[in-house]
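Student: Quick one, what's the 3D model for this:
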Amino acid sequence: MPRKPTKPNRQPASQQRPARPPAKRTDRDERSNYGRKPSTQAQKPAPVFEQTVLPDIVKEIRQLRSRDARDRTGTYYIEGARIVAQAINAGLPIEIGAISLELLSRTEHSNETVSALRKAAKQMVELSISAFSGISFKENLQGIGAVVKLEQEPLSNVQLTDRPWVALNGVGNPGNLGAIMRTCDAVGCEGLILIGDTTDPYHPAAIRASMGSLFALRMVRTTFEEFGQWKNANGYHVIGTTPDVEQEYHTISYPSPAILLMGSERLGLSVVEQSICDTLVRIPMAGTCDSLNLGVATSIVLYEMFRQQRLAQ
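Tutor: Residues are numbered from 1 along each chain as shown. Next up is the predicted model:
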């Protein structure tokens, strides 16, 4: 008898084995270690400059963002055609000149600054756009910067003339310091005496806020104790500000030479700092605020000193 065809053994769907997916092609023989096929195009050799000089220079300049590195190397970094030109015109020692030909604006001023930088710098480097952006602290890259040797002198070198000085104790904001430097330059101050833990005048924010006035001022760093001893030994007149006196800043005659002493942003002059002052004045205010920005307060008194000095001439 013919055999009946057997029915397929059907299992519930839950018990059926899923079909195996087709095996993936690995092409191991055609892949590199990173899973990519090797390029059929011949790779261009990297420029020798990129391989040898560039990494060390970029690392060296980037470190100058740190105050420790600036103090250790005795250098700081500036950037931009205008401020680099100011530094060169001021005769400052330029350790490294850095340019990116792809970023330079190629204006007459820019070309002149690059030429002057090549003559002034002890070392010149040309950087790619990516390398230059790596050392930059500006948003608008101009393709020109310089590493400058910082110049600070001891307090014992300072002998006052008819040009005023400003002494700052415990100032913490580099932007405030930069604004004060700009005002000091505008009224003809000779220099700044930075006392105690006052912030670094070579901080990028201070340099930017100073608009190049940093180069016109002598810089001294000292302690409060040394400042007091130097002031007393030479008989110099120190003026300070405080809201706790009746005498307003515009009602006195400012002697020449003189030093304007200003304290920290938050506390102003302490009792000890006030004790070293020969004259204390206040800046009157009519509103609800109880203090002024340090840069503004310093500017108000300096401009009164400047006004009186001009009238006396």
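Student: Identify the residue nearest the geometric centre of this structure.
Tutor: Residue closest to the average C-alpha location in the chain (Cα atoms, centre = their mean): residue 204, at 0.5 Å.
Student: how much space between residue 235 and residue 258?
Tutor: Using Cβ to Cβ, to the nearest Å, residue 235 is found at 12 Å from residue 258. Quick note: C-beta positions are derived from backbone N, CA and C, even for glycine.
Student: same question, residue 77
Tutor: Distance from residue 77 to residue 258, by Cβ to Cβ: 34 Å.
Student: neighbour-wise, which of the two wins?
Tutor: Using other Cβ atoms under 10 Å, the more surrounded residue of residue 77 and residue 258 is residue 77, with 25 against 20.
Student: Could I get the pLDDT score of the more buried one?
Tutor: pLDDT recorded at residue 77 is 98.
Student: Share the number of residues neighbouring the nearest residue to it once chain neighbours are set aside, please.
Tutor: Of all residues not flanking residue 77 in the chain, residue 64 sits nearest, at 4.5 Å (Cβ to Cβ, 6 or more residues apart in numbering). Residue 64: 22 surrounding residues under other Cβ under 10 Å.
Student: same check, this time on residue 267
Tutor: Residue 267 has 11 neighbouring residues, counting by other Cβ under 10 Å.
Student: ok, the closest residue to it other than its chain neighbours to residue 224 distance?
Tutor: In this structure, residue 267 finds its nearest non-sequential neighbour in residue 170, 7.6 Å apart by Cβ to Cβ, 6+ apart. According to Cβ to Cβ, residue 170 stands 9 Å off from residue 224.
Student: Who has more neighbours out of these two?
Tutor: residue 170 (21 against 17).
Student: That one and residue 242: what is the separation?
Tutor: Residue 170 is 15 Å from residue 242, by Cβ to Cβ.
Student: And the strands in the protein?
Tutor: Secondary structure of the chain by DSSP state E: the strands cover 75-79, 94-99, 123-126, 144-149, 165-169, 191-195, 218-222, 238-241, 259-262, 279-281.
Student: how about the ones you listed in TSV, adding distance to residue 58?
Tutor: Below are those laid out as TSV (distance: least, Cβ to Cβ, whole Å):
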stretch	distance to residue 58
strand 75-79	12
strand 94-99	9
strand 123-126	9
strand 144-149	12
strand 165-169	33
strand 191-195	30
strand 218-222	28
strand 238-241	44
strand 259-262	38
strand 279-281	49
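Student: what residues are up against residue 272?
Tutor: By Cβ atoms under 8 Å, 6 or more residues apart in numbering, the residues touching residue 272 are residue 224.
Student: Buried by neighbour count: which residues of stretch 237-244 qualify?
Tutor: The neighbour-count check on stretch 237-244 (16 or more other Cβ atoms under 10 Å) flags 238-242 as buried.
Student: Rebuild those as TSV, extending it with distance to residue 304 and pLDDT.
Tutor: As requested, the buried residues of stretch 237-244 are exported to TSV (distance: Cβ to Cβ, whole Å; pLDDT from 0 to 100):
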residue	distance to residue 304	pLDDT
238	16	98
239	10	98
240	14	98
241	11	97
242	16	95
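Student: right, and the pair among those residues with maximum separation?
Tutor: 238 and 242 (12.9 Å; Cβ to Cβ).
Student: hey, where'd the helices end up in the chain?
Tutor: Taking DSSP state H as the test, the helices found in the chain are 48-62, 67-73, 81-89, 108-120, 129-135, 174-187, 204-210, 224-234, 271-275, 294-312.
Student: helices or strands next to the fifth one in the packing?
Tutor: Which is helix 129-135. helix 48-62 (3 or more Cβ pairs under 8 Å, 6 or more residues apart in numbering; DSSP states H and E).
Student: Report the mean confidence score over the helix it packs on.
Tutor: Across helix 48-62, pLDDT averages out at 66.
Student: same question, stretch 100-113
Tutor: In this model, stretch 100-113 has a mean pLDDT of 91.
Student: How far away from the center of its chain is that stretch?
Tutor: How far stretch 100-113 lies from its chain's middle: 22 Å, per Cα atoms, centre = their mean, to the nearest Å.
Student: That concludes my questions; thank you for your assistance.
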